[in-house]
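Q: Fold the following for me, if possible:
(chains A and B)
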Amino acid sequence: MDTSEGLFQKFGKEFRPGQMIFCEWEPGDSLYIIVKGKVKIVKIFGKTQKTLDVMEEGSIFGEMALLEEEPRSASAIAITETKLLEFNKENFNMIIQKYPQIVYNLLIIFAKRIYDAKRRLKNLLIDDYTTRVIDVFLMLSEHNPNAWQMNSITLQTTIDDVANWCGLPVAEVNNIVMTLVKQGKIELYADKIVVPNLKEIQRIVQTKLKSKRKTSKV
Amino acid sequence: MPTIKEYPKGAIIYFEGDKSDYIYLLQSGQVILIYTSLDGEKEEKYNVKIGEFFGVKSTLGKYPREETAQVVGGARIVILRPDEFQQMAFKNTRLVLQMSKVFSKELRQIHSKIREILKVDTVKDPEYELMNVGESFYMSGNLEHAQYVFEKYLYHYPNGKFKERAEMLLLKTRKGETYPIDIPSLETYVSKLMSAYEEEQIRETGLSMVDDDLFQMPAIEENDSLEKSIHKLFSVDELREKIEVFVQNNQIKDAYDLILELENSKDYQNDPKIIEYFLYEKGRLLILLKNYKAALEFLLKYLKDYPQGKFIKNALLQVAIVFEIMKDYKKAKLFYEKVLMIKPNDELSKQAQKRLEQLENK
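A: Numbers count the residues shown, from 1 in each chain, chains lettered A, B, ... in the order given. From the prediction side, this is the model:
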């Protein structure tokens, strides 16, 4: 990433491999830009840790802290020797003038986040629980063009995760998932869920939503 | 160089679902964006203003168009490739800043809607969760990260409720010791802390501040169904009446034991409606048994697990009451207000209203 030495002297921070940058539930008001190295984003689910993302040079993370005063939603840990720029609300507004490319990158991140958040909200607004659960599988497949080519996907996810996504009680989701398994629409394993025919479940969701739109117009 | 194009009346610039290659700027004329509302029910329209960009988010985020852009009465439009837009943005920081503000506002709004639906903000205590993250790292043998979290805990909560525990565990991580097996789990530690706190509360106030009628459910008309045979499986409403009879006779412990017994019987283990009801009822009964910590746990779990549940309003009211007993008036108010947000204006709303008014005077 193109950044001058002066900027790094002022806002730079260095981390060694394995060092924690921030942790889940920690209050924080800084955003980070990776100048050099790799950073993983991990989250604890029950007793296990899951890596949600690996970020490289030029990436921005922790940006939600600029928007809302919420604790961190996941932990960030350096994978390699890592150099970061750390900005908080005040100095961020100052550097914007000097380094428009940073804000531009942030704009792209916001655009992606808005899309993902809208997608999640659309899912949560589906009244019918079965349709909502099926739609979670679609949602989790959408960033994977390969899966759509193959028309099938293996999701590294559990019933608890699915319940989390669609905001329904685990017991409820469990029942729905079992019915879907019986109908052959999905296959359930200890640590993964397989959707053998993505287009089929896409049709199911679309038909449901369309019929709802029709009835609401009448 | 960006191109400028004249579109005739009625022309479609792009369709919903199209690949997003360009960013557009309306120079003159009229363009409308047609999109489906998030709940999928309505078609909504937006008039693009002169000098306004459109198609920005989907192009930058590289996802398909979410709306259809149509020319209404002929329009002159500047078409930019992403790299051209970027060049322009670098020269015009105010534009980027403006856009990032619009974007972040939109993102915040969507997030708050999601939180509203999930009711996450009502469920978790950040202080407890932070401590819990540290313990999870420690238990999985990751001493370095555990140490980091305990340090942060003590920094952010210098007088926190887990101060002693965090200091003890921090010391052990620094010495490189494994997670101690002889200490209570964080959960039990919490309930111990709470019971000490409760005793103090009871001694201080004798709980006289809590009106008895606070716990009364809206009256249930008695009828013959109570006499139905034991062998028959009860519905939620029937069980509720049964429990209510115990409560009216002040046999709270018996009511609670009955629920535990039924929970263990095979008859009710697969009935989600009953399971839902039991969770709520246990929370309510525990308040009457003055075990507030456990009550709160059950009720908050209910709110989290059944955001559309049958007893959601009751549960919110009970949570508010517990917070009031624990003298956390801020949270109590918050939850009474949540009760009032749920229609209709019934007995529960009236109770919440009454409590809220009394809290205002404190």
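
Q: Show the subsequent helix or strand relative to the helix or strand of chain B with the lowest mean pLDDT.
A: The helix or strand of chain B with the poorest confidence is helix B:186-205; it has a mean of 61 (mean pLDDT, DSSP states H and E). Per DSSP states H and E, the first helix or strand lying C-terminal to helix B:186-205 is helix B:236-248.

Q: gap between that next one and the chain center?
A: What separates the centre of helix B:236-248 from the centre of its chain is 29 Å, taken as C-alpha atoms, centre = their mean, to the nearest Å.

Q: now do stretch B:38-47
A: Offset of stretch B:38-47 from its chain centre (C-alpha atoms, centre = their mean): 26 Å.

Q: Output that stretch as PDB, nothing but the C-alphas.
A: The C-alpha coordinates for stretch B:38-47 follow below in PDB (Å, rounded to 0.1, in the frame of the first residue of the first chain):
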ATOM      1  CA  LEU B  38     -36.700  -5.200   1.800                       C
ATOM      2  CA  ASP B  39     -39.700  -7.300   3.000                       C
ATOM      3  CA  GLY B  40     -40.300  -8.100  -0.700                       C
ATOM      4  CA  GLU B  41     -43.900  -6.800  -0.600                       C
ATOM      5  CA  LYS B  42     -43.900  -3.400  -2.200                       C
ATOM      6  CA  GLU B  43     -42.400  -1.700  -5.200                       C
ATOM      7  CA  GLU B  44     -40.700   1.500  -4.300                       C
ATOM      8  CA  LYS B  45     -39.500   4.400  -6.500                       C
ATOM      9  CA  TYR B  46     -36.800   7.000  -6.000                       C
ATOM     10  CA  ASN B  47     -36.300  10.100  -8.100                       C
END
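
Q: State the mean pLDDT of it.
A: Across stretch B:38-47, pLDDT averages out at 86.

Q: With stretch B:61-75 instead?
A: Averaged across stretch B:61-75, pLDDT comes to 93.

Q: what comes up buried for that stretch?
A: Buried residues in stretch B:61-75, counted by 16 or more other C-beta atoms under 10 Å in any protein chain shown: B:Gly61, B:Tyr63, B:Arg65, B:Glu66, B:Glu67, B:Thr68, B:Ala69, B:Gln70, B:Val71, B:Ala75. Placement of C-beta: from N, CA and C, glycine included.

Q: got it, and stretch A:189-206?
A: Neighbour counts using 16+ other C-beta under 10 Å place A:Ile193, A:Val195, A:Leu198, A:Ile201, A:Gln202, A:Ile204, A:Val205 of stretch A:189-206 among the buried residues.

Q: Who are the contact partners of the nearest residue to the first one once chain neighbours are set aside?
A: Using C-beta to C-beta, 6 or more residues apart in numbering or on different chains and skipping the chain neighbours, the partner closest in space to A:Ile193 is A:Leu155 (4.9 Å). Shown in contact with A:Leu155 (C-beta atoms under 8 Å, 6 or more residues apart in numbering or on different chains): A:Phe137, A:Leu140, A:Ser141, A:Lys192, A:Ile193, A:Val194, A:Val195.

Q: you'd agree the fourth one is up against A:Thr157?
A: Yes: because the distance of 6.9 Å satisfies C-beta atoms under 8 Å, A:Lys192 is recorded as touching A:Thr157.

Q: Close to chain A: what parts of the stretch 151-300 of chain B are there?
A: Contact residues (C-beta under 8 Å from any C-beta of the partner chain) of the stretch 151-300 of chain B with chain A: B:Lys152, B:His156, B:Pro272, B:Ile275, B:Glu276.

Q: Now render those residues as CSV, adding neighbour count and distance to B:Val190.
A: Below are those laid out as CSV (neighbours: other C-beta atoms under 10 Å in any protein chain shown; distance: C-beta to C-beta, whole Å):
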residue, neighbour count, distance to B:Val190
B:Lys152, 21, 19
B:His156, 16, 18
B:Pro272, 13, 28
B:Ile275, 17, 24
B:Glu276, 20, 25
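
Q: before we move on, back to that, quick one: which of the buried residues of stretch A:189-206 sit in strands?
A: Secondary structure from DSSP state E places A:Ile193, A:Val195 of those in strands.

Q: that older thread, what's the most distant pair in the contacts of A:Leu155?
A: Within the contacts of A:Leu155, A:Ser141 and A:Lys192 form the most distant pair, 13.1 Å apart (C-beta to C-beta).

Q: just the buried residues of stretch B:61-75 now: which is nearest chain A?
A: Nearest to chain A among those is B:Gly61, at 3.5 Å by C-beta to the nearest C-beta.

Q: List the residues that contact that closest one.
A: By C-beta under 8 Å, 6+ apart, the neighbours of B:Gly61 are A:Ile108, A:Ala111, A:Lys112, A:Ile114, A:Tyr115.

Q: cool, B:Val190 as well?
A: Contacts of B:Val190 by C-beta under 8 Å, 6+ apart are B:Tyr128, B:Lys293.

Q: Which secondary structure elements does the lowest-mean-pLDDT helix or strand in chain A sit against?
A: Least confident helix or strand of chain A, by mean pLDDT, DSSP H and E, is helix A:89-98 with a mean of 76. Helix A:89-98 sits against helix A:5-11, helix A:100-124, helix B:93-118, with contacts defined as 3 or more C-beta pairs under 8 Å, 6 or more residues apart in numbering or on different chains; DSSP states H and E.

Q: List of residues touching the following helix or strand past the last one?
A: When you say that, I think you mean helix B:93-118. Note on helix B:93-118: by DSSP H and E, the next helix or strand toward the C-terminus is helix B:126-139. Helix B:126-139 is contacted from outside by A:23-27, A:44, A:47, A:49, A:71, A:75, B:143, B:145-146, B:149-150, B:152-153, B:156-157, B:160-162, B:165-166, B:169, B:173, B:179, B:186, B:190, using C-beta under 8 Å, 6+ apart.

Q: Only the buried subset of the residues you listed, as a PyMOL command please.
A: Selecting the buried subset of the contacts of helix B:126-139 in PyMOL, with 16+ other C-beta under 10 Å as the burial test, is done by:
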select buried, (chain A and resi 23+24+25+26+27+44+49+71+75) or (chain B and resi 143+145+146+149+150+152+153+156+157+160+161+162+165+166+169+173+179+186+190)
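
Q: can you tell me which of the contacts of helix B:126-139 are in helices?
A: B:143, B:145-146, B:149-150, B:152-153, B:156, B:165-166, B:169, B:173, B:186, B:190 (DSSP state H).

Q: what does the least confident helix or strand of chain A contact?
A: With C-beta under 8 Å, 6+ apart, helix A:89-98 has contacts from A:Leu7, A:Phe11, A:Asp29, A:Leu31, A:Leu66, A:Phe87, A:Ile102, A:Val103, B:Thr93, B:Val96, B:Leu97.

Q: report the angle between the axes of that helix and helix A:100-124?
A: The directions of helix A:89-98 and helix A:100-124 differ by 120 degrees, with axes from the mean of the first three to the mean of the last three C-alpha atoms, to 10 degrees as the criterion.

Q: What residues sit buried inside helix A:89-98?
A: Buried positions in helix A:89-98, judged by neighbour count with 16+ other C-beta under 10 Å: A:Phe92, A:Ile95, A:Ile96.

Q: Keeping just the C-alphas, turn stretch A:67-77 into CSV.
A: What follows is stretch A:67-77, C-alpha atoms only, in CSV (Å, rounded to 0.1, in the frame of the first residue of the first chain):
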residue,chain,number,x,y,z
LEU,A,67,-19.8,4.0,13.2
GLU,A,68,-21.2,2.7,16.5
GLU,A,69,-20.0,2.4,20.0
GLU,A,70,-20.3,-1.3,20.2
PRO,A,71,-17.7,-3.8,21.5
ARG,A,72,-15.7,-5.6,18.8
SER,A,73,-17.8,-8.4,17.3
ALA,A,74,-14.7,-10.6,16.6
SER,A,75,-11.0,-10.9,17.4
ALA,A,76,-8.2,-9.8,15.1
ILE,A,77,-4.9,-11.7,15.4
